[in-house]
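following is a predicted model, sequence given first.
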Amino acid sequence: MIRFLIKGLLKDRSRSLIPLIVTSFGVMITVVLHSWLTGIMSESLELNANITTGHMKVMTKAYSEVMDLSPLNLSIIGADSLVKGLKKSYAGTDWVKRIRFGGLVDVPDEKGETKAQGPVVGWSLDLLTKGTKEIERFNLKKSLISGSLPKKTDEGLLTDVFAKRYNIGIGDTFLLFSNTFEGSMSFTNFTVAGTIRFGSEAIDRGALIIDIKAAEKSFNMEDSAPEILGFLEHQYDDEKVNLISEDFNSLYRNNDDEFRPYMIRMRDQNDMGSIIDYSQAIGTLMVAIFVGAMSVVLWNAGLLGGLRRYSEFGIRLAMGEEKIAIYKSLIYEAILIGLIGSITGTISGLGISYYLQEKGIDISNLMPNSSILMPQIARANITIAALYIGFIPGLVSTVLGAVISGIGIFKRKTSMLFKELEV
Amino acid sequence: MREAIIRLESVSKLYPTGSGNFRAINNISLVFTKGEFCGLVGPSGSGKTTLLNILGSLDTPTEGTAKVLGRDIGKLTHKESAQLRNYHIGFIFQTYNLLPVYTVFENVEFTLLLQRKTAVERKKLVMDSLEWVGIADKAKSMPAQLSGGECQRVAIARAMVKRPDIVLADEPSANLDAENSIRIVETMKQLNMEFLTTFIFATHDEKVMKFLDRIIHLKDGMVELDKIINKTS
């Protein structure tokens, strides 16, 4: 009997091939959309982590209380040994010193006198150590408009908009006015190695990137840093970050020194917790809406499949097949179609998602004047959920559609069979 | 006298309507014996199909008793009526109602699968029944490749393959031309005589009526005339 029904299923393409294609396609779209939304959300978070917050950040307790002011005089002393200790204690994580600063760039004329001056926000990063990940985190290679990345400590990168506005080019020298660790003025000459564009108008208006060693020297901050940023090997993971920060802070629990190191999580900075929760909620909502819509489509496909076969069920009832046996066969067919469709749809969806994860889509041209920091490449992110999310519309809804349409078999009055089958 | 296989005693069937109940059949008492070739004749709404439904255990009487092969139709469970249809009653419909995705062989085989017959048994029984109706050479054809007459022959083979005691046929010749109608009825008559299967038709067709041994005229749900034309017993 099972063979007979399977044979019918295979021969009747409207019962097998078409539902299979519909299910498979629906599942594929669900998987791709889920991975794509997850990717975009996590890319946006990663961008913030890379530039500002890290996945976690170590600073002095005093600095953490006024961190928005970036007070250099509250920096960690002995930062190099702390970085080494962190790398050793938490395998697989990367820890880097960062100095954010503000300053004034003085552009001289050919006589060395001030031609123009403009305010900049600055980041000092590890640009020169071999294998540094900081260049990638700031996406500097792709942001480069002209020139090259700094090769020496006295070289810096200016944003392209700033350089054009103040008519300063590659190889030109400028003077950076800022303040030292102790609060006195600092004056340091830098040469423009290249110009960059981040794609965010707020930053591109005036930003400077220099090597961390240059900043340490210029601001009199050798072996100290206001912030040490920590990065997990992969993307942000609340659970891992919680474990690390709790472990680290427990080491200093009984220390009342206001300059003791203190670790905060990404979600504790700049209201990132709300953003993480919000983005997760929005992502879940969007996926839920889509899964719901797809479920309705596949549910209806199951429903129509059952109704279309009303006549066949009538014949089978007249032949003496029991209602429950017909109902079961309808559900088994739906399970088979739903399962095969969900598996093929998930595999093809994962294939497309993997491509989008690896290659991504360059969306920088879509928002050349954006004032918010957005990823330049929109990528998918395959998570464990992508392996099973397609089964909700693919299997559950298809079977549910069959279960509901099959109720008609029980409601059907066999006494009407003669009339119905004459249609 | 042949044994009675269907006994209807004061059978009525009422359908609720807005203003009360509609009597589709009213106080009918009939006996059908083994091997009868019998027709229910009457205008639309006379109760032919309702009576066939009760005889085929597709419906139950509201009043009275209907016994088919000794089983009280009104007291059968769904499972028991399904089994009665599966083993003892064959159906032939006006529009053939073959399963379009299966071959002729598979269409006829279906009933035997429900009876859990072995593949060897099924093959023999199916080919025998296709031989009876003269379309054994079409066993591998699909219903769409057959003419109307051939489709109805398949339907007859499907009804007969389980060697039922009763075959109920609702207007079996209505969709066929005159020549095919006569051939179909001749085939059924032949099977009736060979296997002593009871055939009960609902029909308007004069060509079919010529072959009947007994004609029961129904009007307004009641038996108007029960006429034995050509007694076979």
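Thanks, I have the structure now. Numbers count the residues shown, from 1 in each chain, chains lettered A, B, ... in the order given.

tell me the phi and psi of the residue nearest to B:S147 when sequence neighbours are not counted?
Distance criterion C-beta to C-beta, 6 or more residues apart in numbering or on different chains; nearest residue to B:S147, sequence neighbours excluded, is B:N180 at 7.8 Å. To be clear about C-beta, it is placed using only N, CA and C from the backbone, and glycine gets the same treatment. The phi and psi values for B:N180, taken as degrees, to the nearest 10, are phi -70, psi -40.

from chain A, how far out is B:N180?
Taking C-beta to the nearest C-beta, to the nearest Å as the measure, B:N180 and chain A are separated by 18 Å.

quick one, phi/psi of the residue of chain B most remote from its centre?
In terms of distance from the mean C-alpha position of chain B, B:S19 ranks first, at 33.5 Å (C-alpha atoms, centre = their mean). For B:S19, the backbone dihedrals (degrees, to the nearest 10) come out as phi -100, psi 10.

thought B:M160 was touching B:W132?
Yes - counting by C-beta atoms under 8 Å, B:W132 is a contact partner of B:M160 at 6.6 Å.

shared neighbours of the two, anything?
Common contacts of B:M160 and B:W132 (C-beta atoms under 8 Å, 6 or more residues apart in numbering or on different chains): B:L191.

for stretch A:199-216, the averaged confidence score.
Averaging pLDDT along stretch A:199-216 gives 87.

first-to-last residue distance for that stretch?
28 Å (C-alpha to C-alpha, to the nearest Å).

so how far is that stretch from its chain's centroid?
In this view, stretch A:199-216 has its centroid 24 Å away from the chain centroid, taken as C-alpha atoms, centre = their mean, to the nearest Å.

coming back round to it: quick check: the residue nearest to B:S147 touching B:Q152?
Yes - counting by C-beta under 8 Å, B:N180 does reach B:Q152; the two are 7.4 Å apart.

still on that earlier bit, how close does the residue farthest from the centre of chain B get to chain A?
Here the criterion is C-beta to the nearest C-beta. By it, B:S19 lies 21 Å from chain A.

quick one: pLDDT of that residue?
Reported pLDDT for B:S19: 77.

point out where the chain drops to low pLDDT.
Since no chain was named, I'll use chain A. Where chain A drops to pLDDT under 70, the residues are A:302, A:364, A:367-376, A:412-423.

actually it's chain B I care about, not the one you picked
Ranges of chain B meeting pLDDT under 70: B:1, B:230-233.

near chain A, which residues of it show up?
Contact residues (C-beta under 8 Å from any C-beta of the partner chain) of chain B with chain A: B:49-50, B:52-53, B:56, B:58-59, B:78-79, B:81-87, B:89, B:91, B:93-95, B:97, B:99, B:101-102, B:106, B:109-111, B:113-114, B:158, B:170-171.

for the helix or strand where A:I331 lies, buried residues please.
Assigned by DSSP states H and E, A:I331 falls within helix A:323-358. For helix A:323-358, the neighbour count (16 or more other C-beta atoms under 10 Å in any protein chain shown) marks A:323, A:325-327, A:329-334, A:336-346, A:348-350, A:352-353, A:356-357 as buried.

so which of those are also by chain B?
By C-beta under 8 Å from any C-beta, the members of the buried residues of helix A:323-358 lying near chain B are A:K323.

run through the bridge partners of the residue nearest the centre of chain B.
Nearest to the geometric centre of chain B sits B:L168, at 1.0 Å (C-alpha atoms, centre = their mean). Here B:L168 sits in beta bridges with B:F91, B:I200, going by DSSP bridges.

contact partners for it?
B:52, B:55-56, B:89-92, B:200 are the contacts of B:L168 under C-beta under 8 Å, 6+ apart.

repeat that for A:T53.
Under the criterion of C-beta under 8 Å, 6+ apart, the neighbours of A:T53 are A:229, A:266, A:269-270, A:272.

which members of these are classed as buried?
A:229, A:266, A:269, A:272.

hmm, the host helix or strand of A:L47 touching chain B?
Taking DSSP H and E as the criterion, A:L47 maps to helix A:17-48. No - for a cut-off given as C-beta under 8 Å from any C-beta, helix A:17-48 has no contacts with chain B; the smallest distance is 12.3 Å.

can you name the two of the contacts of B:L168 that are farthest apart?
B:L55 and B:I92 (13.3 Å; C-beta to C-beta).

how many neighbours does residue 66 have?
You didn't pick a chain, so chain A it is. By the measure other C-beta atoms under 10 Å in any protein chain shown, the count of residues near A:V66 is 10.

that's the wrong chain, I meant chain B
Close neighbours of B:A66, defined as other C-beta under 10 Å, add up to 24.

pretty sure it is in a strand, no?
Yes - under DSSP: H, G, I helix; E, B strand; the rest coil, B:A66 falls within a strand.

hmm, it is touching B:K75, no?
No - applying C-beta under 8 Å as the test, B:A66 and B:K75 come out as separate, 10.0 Å apart.

which residue is the nearest non-sequential neighbour of whichever residue of the stretch 251-400 of chain A sits closest to chain B?
Here the stretch 251-400 of chain A gets closest to chain B at one residue, A:G320, 2.6 Å apart by C-beta to the nearest C-beta. Distances taken as C-beta to C-beta, 6+ apart put B:N86 closest to A:G320, at 2.6 Å, once the chain neighbours are dropped.

tell me which element that neighbour is part of?
Going by DSSP H and E, B:N86 is part of helix B:78-88.

name the helices or strands packed onto that helix?
helix A:310-319 (3 or more C-beta pairs under 8 Å, 6 or more residues apart in numbering or on different chains; DSSP states H and E).

quick one: neighbours of the closest residue to B:G35 other than its chain neighbours, just the number.
Excluding the flanking residues, the one nearest B:G35 by C-beta to C-beta, 6+ apart is B:L196, at 3.9 Å. B:L196 has 15 neighbours, counted by other C-beta under 10 Å.

now B:L196: how far from chain A?
Here the criterion is C-beta to the nearest C-beta. By it, B:L196 lies 21 Å from chain A.
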